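[1] need coordinates for the following:
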Amino acid sequence: MKSAEASGRRSATMLAMRRHEALLFRCAYPRSPRELEKAEAALGRIRLRDRLLDPEISGIAGTSVDLVFSWNMARWLTARYPNTTSIDWDGWSDDDRLATVLTPLVPELQERIVDANVPYLDYAKAHSLPWYLEHLSPPTYDLLGLWVRWKFPDECSRTRMRRKPYELFFDPSIIARRDVSLERELASPPLLLRTLARDEGEAAIDMCRAMLAVRYRELYVPTFADPSNVLSAEAGRGLEIVLLSVLPEKRLPVRSGFAPFFFRNGVPAGYGDAYLAAPRIEVSFNIFPAFREGESAWIFARLLRLYRQLFDVNRFTIDPYQIGLGNEEAIESGAFWFYRKLGFRSTDARVERLARSEERRGRRSKPQMLRNLATSAMELTL
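    Next up, the predicted model:
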């Protein structure tokens with residue numbers, strides 16, 4: 001009976017999630033002002049019970065996330081959103097690691113180190129997350145690997161998070177991938193750019209970090225983003241691209257790191273990162289699942305237009321991970337064919353022959369074939 005009840009609750013939750021995603025899509029791609037108003041009103045009534053820590057439904061209003069954040073990210077969370085974080089000790093079993101970290105910090109432990117069965121976990125639980133952030137160096141904290149539970153406020157949820165758009169855009173049609181030409185987009189007029197004031201930049205960085213955190217993600221560039229160098233590009237059709245760069249003291253020695261975030265009518269729709277070593281730029285691109293039936297290919301084309309405009313690059317590369325090497329999400333979404341149909345080609349001659357053979361078959365590629373195709377990088381050269 002309990003199993004049937006649990007299954008029923010799970011089914012109800014997944015049904016609510018599908019409705020949530022459909023409403024969120026309509027907020028990003030509204031066909032009319034009335035449709036947008038109705039979708040936002042319906043989303044305003046959605047709030048799940050805080051008993052779920054499931055990546056499949058992460059970020060919905062009322063839920064939490066549980067993740068091993070870096071010291072820098074955990075410190076930002078505790079400072080920016082006080083009293084919303086805690087350490088999740090459930091399932092912890094690495095007493096040796098606790099002993100190594102806590103013994104120099106807790107006088108009583110220094111006296112008991114020769115004892116057997118020292119209850120290190122009890123001592124660990126006696127301290128809050130801010131205590132660990134204050135007393136441990138960043139490398140030591142990161143090695144400890146604490147699970148942090150973030151009960152995020154509603155304004156950080158996927159349900160409610162919004163950025164004020166340049167202007168609302170309504171259109172009953174969607175630009176399909178077959179109608180997107182990278183050549184045409186790269187030759188289009190420059191995008192309208194604006195460097196955000198420092199306070200605006202800080203607010204944008206906060207939103208981008210939270211956008212990732214509620215989806216169980218953390219990236220280097222947003223974690224170390226420079227609030228004085230945040231760009232906003234008005235890309236058209238309700239699309240804003242916010243581009244983050246890295247603090248000077250955190251920049252990499254050879255490549256420059258950037259992270260784009262996409263907002264469609266103010267709704268967070270995806271993110272990426274980019275590493276520049278001119279004239280080549282390595283790009284990644286991730287549209288959140290709720291919006292993959294939208295204008296993903298067109299958004300990607302506008303992103304490349306922005307990179308071309310800013311950095312005068314002529315080679316774009318895609319790392320194998322982005323198309324499925326060790327990345328099942330990319331396999332499920334058919335990422336290889338997304339990029340290939342836009343003009344990217346494999347850098348490995350063997351994989352390129354395999355891709356051409358698969359194209360001639362004219363059928364949907366099986367997962368194992370996609371894994372074979374994802375063993376080399378892809379590149380587009382202008």
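[2] got a list of contacts for stretch 83-95?
    Under the contact criterion CB atoms under 8 Å, 6 or more residues apart in numbering, stretch 83-95 has outside partners 66, 74, 77-78, 118, 120-121, 124-125, 128-129, 132, 146-153. Placement of C-beta: from N, CA and C, glycine included.
[3] can you list the weak-confidence ranges in the chain?
    Counting by pLDDT under 70, the chain has low-confidence residues at 1-10, 50-56, 110-116.
[4] show me it divided up by domain.
    As assigned by automatic domain parsing, the chain contains the domains 2-49, 65-150.
[5] tabulate those domains (CSV), appending mean neighbour count.
    What follows is these, written out as CSV (neighbours: other CB atoms under 10 Å):
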stretch, mean neighbour count
domain 2-49, 15
domain 65-150, 15
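[6] tell me which stretches of the stretch 1-150 of the chain form strands.
    Counting by DSSP state E, counting those that start in this stretch, one finds strands in the stretch 1-150 of the chain at the ranges 65-67, 85-87, 148-150.
[7] buried ones in the helix or strand following the last one?
    Scanning forward in sequence from strand 148-150, with DSSP states H and E defining helices and strands, the next element found is helix 182-186. Residues of helix 182-186 classed as buried: Leu182, Glu185, Leu186 (neighbour count, 16 or more other CB atoms under 10 Å).
[8] what's the answer for stretch 228-238, then?
    Neighbour-count burial for stretch 228-238, with 16+ other CB under 10 Å as criterion, is recorded at Asn229, Val230, Leu231, Ser232, Ala233, Ala235, Gly238.
[9] okay, how far is it across it, tip to tip?
    Length of stretch 228-238, first residue to last, CA to CA, to the nearest Å: 25 Å.
[10] now for Val65: which residues touch it?
    Counting by CB under 8 Å, 6+ apart, Val65 has contacts Leu53, Ser58, Gly59, Arg149, Trp150, Phe152, Ala213, Val214, Arg215, Tyr216.
[11] pull the most distant pair out of those residues.
    Arg149 and Arg215 (15.3 Å; CB to CB).
[12] pretty sure Arg237 contacts Ala301?
    No - taking contacts as CB atoms under 8 Å, Arg237 lies outside contact range of Ala301: 11.6 Å.
[13] and the buried residues of stretch 228-238, which is closest to Arg162?
    Gly238 (12.5 Å).
[14] ok, so what distance separates that closest one from Ala39?
    Separation of Gly238 from Ala39 (CB to CB, to the nearest Å) stands at 14 Å.
[15] got it, and Leu121?
    Applying CB to CB to Leu121 and Ala39 gives a distance of 46 Å.
[16] also Phe336?
    The gap separating Phe336 from Ala39 is 33 Å, by CB to CB.
[17] what's Leu196 sitting at in phi/psi?
    The phi/psi pair for Leu196 (degrees, to the nearest 10) reads phi -70, psi 140.
[18] now it. Nearest residue, chain neighbours left out?
    Val230 (4.5 Å; CB to CB, 6 or more residues apart in numbering).
[19] so the one you found touches Arg194, yeah?
    No - look at Val230 against Arg194 with CB under 8 Å: they stay out of range, at 9.5 Å.
[20] how far is the longest strand along the chain from where the chain is centred?
    Across the chain, the strand with the greatest residue count (assigned by DSSP state E) is strand 267-277. On the basis of CA atoms, centre = their mean, to the nearest Å, strand 267-277 sits 9 Å off its chain's mean C-alpha point.
[21] now stretch 248-268
    So, by CA atoms, centre = their mean, the centroid of stretch 248-268 is 11 Å from its chain's centroid.
[22] could I have that stretch exported to PDB, CA atoms only?
    C-alpha atoms of stretch 248-268 as PDB (Å, rounded to 0.1, in the frame of the first residue of the first chain):
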ATOM      1  CA  PRO A 248      41.700  39.800 -13.300                       C
ATOM      2  CA  GLU A 249      43.300  37.800 -10.500                       C
ATOM      3  CA  LYS A 250      41.500  34.600 -11.500                       C
ATOM      4  CA  ARG A 251      42.100  34.700 -15.200                       C
ATOM      5  CA  LEU A 252      43.700  31.700 -16.800                       C
ATOM      6  CA  PRO A 253      47.300  32.000 -18.100                       C
ATOM      7  CA  VAL A 254      46.700  31.200 -21.800                       C
ATOM      8  CA  ARG A 255      43.000  31.400 -22.500                       C
ATOM      9  CA  SER A 256      40.400  34.000 -21.600                       C
ATOM     10  CA  GLY A 257      37.200  32.600 -20.000                       C
ATOM     11  CA  PHE A 258      33.700  33.900 -20.600                       C
ATOM     12  CA  ALA A 259      30.100  32.600 -19.700                       C
ATOM     13  CA  PRO A 260      27.000  33.600 -21.600                       C
ATOM     14  CA  PHE A 261      23.500  33.400 -20.100                       C
ATOM     15  CA  PHE A 262      20.400  33.600 -22.200                       C
ATOM     16  CA  PHE A 263      17.200  35.300 -21.200                       C
ATOM     17  CA  ARG A 264      14.100  35.100 -23.400                       C
ATOM     18  CA  ASN A 265      11.500  37.700 -22.400                       C
ATOM     19  CA  GLY A 266      13.400  37.900 -19.100                       C
ATOM     20  CA  VAL A 267      13.000  34.100 -18.500                       C
ATOM     21  CA  PRO A 268      16.400  32.300 -17.900                       C
END
